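[1] using only what follows, build the 3D model:
(chains A, B, C and D)
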There are 2 protein chains.
Amino acid sequence: MKRPSIGDVARHAGVSTATVSRALNMPASVTEKTRMRVEEAVEALHYVQSETARNFKMQRAHSVLVVAHDIGNIYYSELFRGVQRRAEASNYAITITNPSPGGTKELIFNQLRTAKVDGVIVLSGYEMSDDDYDLLEKLYSGHPPIVAMCEERGHVRVPQILIDNEHAGYLAGRHLIEMGHRKIAHAYGPHRMPVRRARANGFRRAMAEAGLTVREEYFLEGGFSSPGGRAAAQSYLSLKDRPTAVFCGNDESAMGFMSQLSKYGVSVPEDVSVVGFDDIVLADCYIPALTTLHQPKEEMGRQAMSLLLGLIESPADVQQTIVELPVHLIPRDSVKRLK
Amino acid sequence: MKRPSIGDVARHAGVSTATVSRALNMPASVTEKTRMRVEEAVEALHYVQSETARNFKMQRAHSVLVVAHDIGNIYYSELFRGVQRRAEASNYAITITNPSPGGTKELIFNQLRTAKVDGVIVLSGYEMSDDDYDLLEKLYSGHPPIVAMCEERGHVRVPQILIDNEHAGYLAGRHLIEMGHRKIAHAYGPHRMPVRRARANGFRRAMAEAGLTVREEYFLEGGFSSPGGRAAAQSYLSLKDRPTAVFCGNDESAMGFMSQLSKYGVSVPEDVSVVGFDDIVLADCYIPALTTLHQPKEEMGRQAMSLLLGLIESPADVQQTIVELPVHLIPRDSVKRLK
DNA sequence: ATCTCTTGTAAAAAGGATTTCAAAACTGGG
DNA sequence: CCCAGTTTTGAAATCCTTTTTACAAGAGAT
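    Below you'll find the predicted structure:
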């Protein structure tokens, strides 16, 4: 007993395979009576179309690749949810992959060229050069459907969904200034991430606007992970003149930062105020609840998938290839008003 | 300019398509010279095999489905990492899906029967009855390759990767008792999850072993999310005789619980001790660092994928269909020693 | 020199659904 | 009842690779 094929259904219903196919895919193009007969046969045989055969014929994988450096990451997993929901709505599957370091490029090349996926969404850390992209365009004969997320505007040559990191950094700085802080540090994200620079620039702009200078030793090397935050905390503790507030690169590192400080009896927000970035799911459960910049993560995922589907299905119709979503600051309890 | 096919390569190399296929898939069955010629042609034409054509012919999707209720969940995302790593090693892709509530069954049926995936990994919340399973077995003609994770032993009819939730619950209870606690509450997970009962049973056993009775009002309805933890906190606060310790269903709810308590000036571990479950990535960054039961999440994912690959590729060789991984308690700072 | 064995080549089948093209079956008007 | 025009249907081609079969040529053994 094997899977029934379209031929079995056709035989059972006493029609041709073409008619079965039409009855299933374009019911309107077939008489009521024929449709009924086909449906009965489908029912009787427990027939379902084979996706692989269909994909083969249609030259579509009905699947897109999502490339992320760490699929276990909290921040990313919220993005995935948005991507997944939008994909599902259009009957696409998503394949989520962690490329081996430095292998992103090969992975994308390979998956797109073997027709394993119809398009790619790349999350922060796009490693393709313009030359690579030219080659891919040539091999792909046209614009390969790739969408980037969480990159900096202009940093990659593909359509992208992003937020205004510079503005977000500015908001963080301004908020701390408004709360009366003057000595403010910034715990940096990792070097390879271009968003890091944009956030820092915005922060600097807010400081400059308030006539404040940012001391060089107040830029703490941190990374985007909790160990990174702990490292930044160590740097913080070793400062002679400690800042009264710190703007951390993201929420995870902010939590590592605060956790490490607590081991040395330094508490937030009493001794130092902290602002995070991302608004990950547990940010409001931290003690103190973390003041942070909210990114519409699920929406970003959804929009990335929408854009990608547009590129796949009707590239000519895609007008807007850069979509910027709003960020806003959510005041919670990790920032203290001074005086 | 379109994708080159195997025929183009054959023509370019002056051999037949069969030879090209052999040169690529079984290099040993072809002379060195022929292989070189084929490789040159492949190089020159930038040829890559089409995955869809290959899958079609081979009747394999080289892809497995991972079904989870919430792909954005922190706990799951760590499991995904393990699954993904193991899958990648065998050149399989994973598709992660959030089924619509109640739709898990249809989803699995559909995806397996359309041959879209070669197997399925289901995370906690398997909704198939024995009848459904019989039907699937009949339609699939054999044992459909399905592996469950995070279920209770014996609760589902498929091979599974699990932990001993009863023992884990026992460990949590015993630890709190050893730390001098007598009045201990338990914040429950959601009703639909069978693991909830096992954890509670283990906890009860530890209490009974110490000659302690568990008051009924000390079982707090909680859920597995941070809002659930907040709700449990409200129940806790309303108790006349408050317990000195609470064993929470998982880390997320524990964080919601502690966060909510802090709003009412109740602090952990001074006023109440807390034990979580899962050891999610930020558990050690919480203030206080959370004492919890560590699940080897990535390893569980890896093993689930290994088991599934076995079921797909050589079902006859699969001996052990239930794999139990060890859990252990990690003491941190959220439990205070009494007197 | 004949026979067997190896190795590569050519040709064709298989896999399941879609699509094209032409034939058949209808429709309505005269 | 016939014809032109329209709708519905069926046979066959197509998508591309892998596998199978049949065969030819060359190598080695008797």
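[2] any weak-confidence spans in chain A?
    Residue ranges of chain A with pLDDT under 70: A:1, A:125-126.
[3] enumerate the residues of it near DNA strand D.
    Within reach of DNA strand D by CB under 7 Å from any atom of the strand, chain A has these residues: A:14-19, A:22, A:29-31, A:33-34, A:56-57, A:59. Yep, even glycine has a C-beta here, placed from its N, CA and C like the rest.
[4] now A:R81: how far from DNA strand D?
    Separation of A:R81 from DNA strand D (CB to the nearest atom of the strand, to the nearest Å) stands at 34 Å.
[5] so what's that residue up against?
    For A:R81, the contact set (CB atoms under 8 Å, 6 or more residues apart in numbering or on different chains) comprises A:297-298, A:301, B:70-72, B:98.
[6] and the residues you listed, which are buried?
    Neighbour-count burial (16 or more other CB atoms under 10 Å in any protein chain shown) applied to the contacts of A:R81 gives A:297-298, A:301, B:70-72, B:98.
[7] dump these to TSV, plus secondary structure.
    Shown next, in TSV, are these (DSSP: H, G, I helix; E, B strand; the rest coil):
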residue	secondary structure
A:K297	helix
A:E298	helix
A:G301	helix
B:D70	coil
B:I71	coil
B:G72	coil
B:N98	coil
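[8] can you tell me which of the residues you listed is nearest DNA strand C?
    B:N98 (25.7 Å; CB to the nearest atom of the strand).
[9] OK, contacts around that closest one?
    Counting by CB under 8 Å, 6+ apart, B:N98 has contacts A:81, A:84-85, A:88, B:68-71.
[10] any chance of those in JSON lines, plus distance to DNA strand C and secondary structure?
    JSON lines is the format used below for those (distance: CB to the nearest atom of the strand, whole Å; DSSP: H, G, I helix; E, B strand; the rest coil):
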{"residue": "A:R81", "distance to DNA strand C": "30", "secondary structure": "helix"}
{"residue": "A:Q84", "distance to DNA strand C": "24", "secondary structure": "helix"}
{"residue": "A:R85", "distance to DNA strand C": "25", "secondary structure": "helix"}
{"residue": "A:E88", "distance to DNA strand C": "19", "secondary structure": "helix"}
{"residue": "B:A68", "distance to DNA strand C": "29", "secondary structure": "coil"}
{"residue": "B:H69", "distance to DNA strand C": "30", "secondary structure": "coil"}
{"residue": "B:D70", "distance to DNA strand C": "32", "secondary structure": "coil"}
{"residue": "B:I71", "distance to DNA strand C": "28", "secondary structure": "coil"}
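[11] going on from the helix or strand encompassing A:A18, what's the next piece of helix or strand?
    Assigned by DSSP states H and E, A:A18 belongs to helix A:17-25. Scanning forward in sequence from helix A:17-25 by DSSP H and E, the next helix or strand is helix A:32-45.
[12] now for whichever helix or strand comes after that following helix, which elements pack on it?
    Once the chain leaves helix A:32-45, the next helix or strand it forms, by DSSP H and E, is helix A:51-58. Helix A:51-58 sits against helix B:51-58, with contacts defined as 3 or more CB pairs under 8 Å, 6 or more residues apart in numbering or on different chains; DSSP states H and E.
[13] neighbouring strands of the helix or strand following the helix it packs on in the sheet, and parallel or not?
    Using DSSP H and E, the next helix or strand after helix B:51-58 towards the C-terminus is strand B:63-67. If you go by DSSP bridges, strand B:63-67 pairs up with strand B:93-97 (parallel), strand B:119-123 (parallel).
[14] deepest-packed of those, please.
    Counting by mean count of other CB atoms under 10 Å in any protein chain shown, strand B:119-123 has the highest mean neighbour count of the strands paired with strand B:63-67, with a mean of 26.
[15] so where do the helices sit in the stretch 101-250 of chain A?
    A:104-113, A:130-140, A:165-178, A:194-209, A:226-238 (DSSP state H, counting those that start in this stretch).
[16] tell me the most buried of the ones you listed?
    Counting by mean count of other CB under 10 Å, helix A:165-178 has the highest mean neighbour count of these, with a mean of 22.
[17] just to revisit the earlier point, minimum distance to DNA strand C: which of the strands paired with strand B:63-67 has it?
    strand B:119-123 (18.8 Å).
[18] thinking again about what came up before, report the two of the residues of chain A next to DNA strand D separated the most.
    A:K33 and A:Q59 (33.1 Å; CB to CB).
[19] show me which of these two is the more surrounded one.
    The residue with more neighbours, out of A:K33 and A:Q59, is A:Q59; 12 against 8, by other CB atoms under 10 Å in any protein chain shown.
[20] A:A254 is in contact with A:T291, isn't it?
    No. Applying CB atoms under 8 Å, one finds A:A254 not in contact with A:T291, separated by 9.3 Å.
[21] joint contacts of the two?
    A:274-276, A:334.
[22] can you redo those residues as a markdown table with secondary structure?
    Formatted as a markdown table, those follow (three-state DSSP):
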| residue | secondary structure |
| --- | --- |
| A:V274 | strand |
| A:V275 | strand |
| A:G276 | coil |
| A:S334 | coil |
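[23] quick one: contacts for the residue of the stretch 151-300 of chain A found nearest DNA strand D?
    Residue of the stretch 151-300 of chain A nearest DNA strand D, by CB to the nearest atom of the strand: A:V158 (25.4 Å). A:V158 sits next to A:122, A:126, A:133, A:146-148 when contact means CB under 8 Å, 6+ apart.
[24] repeat that for A:R332.
    Taking CB under 8 Å, 6+ apart as the test, what A:R332 contacts is A:283-284, A:288-292.
[25] ok so, going back, which one of the strands paired with strand B:63-67 lies closest to B:G169?
    For B:G169, the closest of these is strand B:119-123, at 19.9 Å, according to CB to CB.
[26] other residues contacting that closest one?
    So strand B:119-123 is contacted by B:64-69, B:76, B:79, B:83, B:104, B:108, B:111-112, B:144-150, B:158, B:304-305, B:308-309, B:311-312 (CB under 8 Å, 6+ apart).
[27] switch the cut-off to 6 Å
    Residues from elsewhere that reach strand B:119-123, judged by CB atoms under 6 Å, 6 or more residues apart in numbering or on different chains: B:64-68, B:108, B:145-150, B:304, B:308, B:312.
[28] which element is A:G82 on?
    Applying DSSP H and E as the criterion places A:G82 in helix A:74-89.
[29] quick check: closest non-adjacent residue to the spatially most central residue of chain A.
    With distances taken as CA atoms, centre = their mean, A:L79 lies nearest the centre of chain A, 4.6 Å away. Setting aside the residues directly before and after it, A:L79 is nearest to A:G301 in space (CB to CB, 6 or more residues apart in numbering or on different chains), at 4.3 Å.
[30] now do the contacts for that neighbour.
    By CB under 6 Å, 6+ apart, the contact list for A:G301 reads A:79, A:82-83.
[31] over to A:R54?
    No contacts exist for A:R54 under CB under 6 Å, 6+ apart.
[32] and the contacts of A:R332, which two are furthest apart?
    Going by CB to CB, the pair spanning the contacts of A:R332 furthest: A:P288 and A:T292, at 11.5 Å.
[33] these two: which is more packed in?
    Per other CB under 10 Å, whichever of A:P288 and A:T292 has more neighbours is A:T292, with 27 against 20.
[34] backbone dihedrals for the more buried one, please?
    Torsion angles at A:T292 (phi, psi; degrees, to the nearest 10) stand at phi -160, psi 170.
[35] again, but for A:R337
    Torsion angles, degrees, to the nearest 10, at A:R337: phi -80, psi 130.
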